[in-house]
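> need coordinates for the following:
(one chain, ligands or ions: 2)
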Amino acid sequence: MEKYRVEARVLSNECIAKDVYQMTLECVDAALSAKCGQFVNLYMKNESLLLPRPISICWIDGAKLTLVYGMVGKGTEELSTYGFGDLLQMSMPRGNGYDLEVVKEGQSALVIGGGIGVPPLLELTYALTQKGIKVTAVIGFQEEPFLMKPLIKAGADLYVATDSGTSGFHGNVVDLMEQEKLTADAYFACGPKPMLNALTNFVLQQKKDIQISMEERMGCGYGACVGCVCTIRDKESGLEVRKKVCKDGPVFWGSEVVWDAK
Ligand SMILES: Cc1cc2nc3c(=O)[nH]c(=O)nc-3n(C[C@H](O)[C@H](O)[C@H](O)COP(=O)(O)OP(=O)(O)OC[C@H]3O[C@@H](n4cnc5c(N)ncnc54)[C@H](O)[C@@H]3O)c2cc1C
Ligand code: FES
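Numbering: from 1, shown residues only. Ligands and ions are numbered 1, 2, ... in the order given. From the prediction side, this is the model:
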């Protein structure tokens, strides 16, 4: 049985782009202890949807917690129907989160996101700018961008890419970074696996490393099954080990991930 279950009240739940929703929850104590890169496990009211749905922490403002999610299946479809006053069961905070100690005041950071991997960059940007770090955000979408204004408000210089070319740079985030010659002291990312793989290769070529949040499919969401394993090469021993994204992650160093593991 999972510990740390809390009840949260929905304050708002709005559609901010096609099939993308922004939900703000009131959840007094739990939100205060959360940090960027961690996630919450949301339990649906429909009991046939047994497994919790992991959603990244996008923004914390006192006891208000904001999540941004894409409607992709039954769970997130149900979530999109919740409105003001509805109560939700969730467990939080989950996972390790980004390590901000790698970067110091006066240094720079690139935060890079793809699609529904963009939301955790908001709290990350805010936390970094609060430390006196210059943040550049590079965000990529298939077609319709979101969270642009909040990222600028949180202090980021913003670059946008779309696959369709309808907004910003026509192409992916790696091509955009290459074209603009964007570099930094520290790199952080979240997005689909192929993007994270290409991005890691790009950053490693520059003799840097990158913290990536792996949004693998999950089962239990708290370490009790093996629904979310990924293969990591231990830096010291060189041995390949299986890690649980929900418990040991979701944030790993890009250089440690064995991308072609079976
Ligand atoms: C640590 C973590 C953080 C996450 N943060 C966010 C977030 O901030 N916003 C957000 O929108 N989503 C996030 N996700 C993904 C989110 O958990 C899934 O989209 C959600 O659980 C799908 O539930 P569903 O019942 O709607 O879809 P399902 O009916 O379970 O699945 C519908 C479709 O979505 C695919 N899918 C389900 N889960 C994932 C996944 N993890 N990665 C890729 N495809 C998946 C399935 O293969 C299927 O094609 C995160 C996942 C993890 C592990
Ligand atoms: S989802 Fe069950 S161990 Fe990670």
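
> could you report the neighbour count for residue 237?
A count of neighbours around residue 237, defined by other Cβ atoms under 10 Å, yields 8. Where you see a C-beta, it was placed from the backbone N, CA and C, and this is true even at glycine.

> longest strand anywhere in this protein?
Longest strand in the chain by number of residues, with DSSP state E as the criterion: strand 5-17.

> in that one, which residues are buried?
Residues of strand 5-17 classed as buried: 6, 8, 10-11, 13 (neighbour count, 16 or more other Cβ atoms under 10 Å).

> quick check: of these, which lies closest to residue 129?
Among the buried residues of strand 5-17, residue 11 lies closest to residue 129 (Cβ to Cβ), at 25.0 Å.

> list the contacts for the closest one?
By Cβ atoms under 8 Å, 6 or more residues apart in numbering, residue 11 lies in contact with 24-26, 64, 84.

> taking the buried residues of strand 5-17, tell me the two that lie furthest apart.
6 and 13 (18.0 Å).

> where along the stretch 1-150 of the chain do the helices fall?
Counting by DSSP state H, counting those that start in this stretch, the stretch 1-150 of the chain has helices at residues 28-32, 74-79, 120-130, 148-153.

> hey, least reliable of the ones you listed by pLDDT?
Note on those: helix 28-32 shows the lowest mean pLDDT, a mean of 68.

> so what's residue 186 up against?
102-103, 107-110, 133, 208, 211.

> which neighbouring elements make contact with the top helix by length along the chain?
Counting residues, the longest helix in the chain under DSSP state H turns out to be helix 193-205. Packed against helix 193-205 by the contact rule (3 or more Cβ pairs under 8 Å, 6 or more residues apart in numbering; DSSP states H and E) you find helix 173-179, strand 186-191, strand 210-214.

> redo these as JSON lines? Include distance to ligand 1 and mean pLDDT.
Formatted as JSON lines, the helices and strands packed on helix 193-205 follow (distance: least, Cβ to the nearest ligand atom, whole Å; pLDDT from 0 to 100):
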{"stretch": "helix 173-179", "distance to ligand 1": "17", "mean pLDDT": "97"}
{"stretch": "strand 186-191", "distance to ligand 1": "8", "mean pLDDT": "98"}
{"stretch": "strand 210-214", "distance to ligand 1": "7", "mean pLDDT": "96"}
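
> mind checking which of those is nearest ligand 2?
Nearest of the helices and strands packed on helix 193-205 to ligand 2, taken as Cβ to the nearest ligand atom: strand 210-214 at 11.1 Å.

> that closest one close to ligand 2?
No. For a cut-off given as Cβ under 6 Å from any ligand atom, strand 210-214 has no contacts with ligand 2; the smallest distance is 11.1 Å.

> quick one: buried residues of the helix or strand just after that strand?
Reading on from strand 210-214 to the C-terminus, the next helix or strand found by DSSP states H and E is strand 229-233. For strand 229-233, burial by neighbour count (16+ other Cβ under 10 Å) applies to 229-230, 232.

> chain center to the longest strand of the chain: distance?
Distance, stretch centre to chain centre, for strand 5-17: 17 Å (Cα atoms, centre = their mean, to the nearest Å).

> that strand pairs with which strands, and in what direction?
Here strand 5-17 is paired, per DSSP bridges, with strand 20-26 (antiparallel), strand 87-94 (antiparallel).
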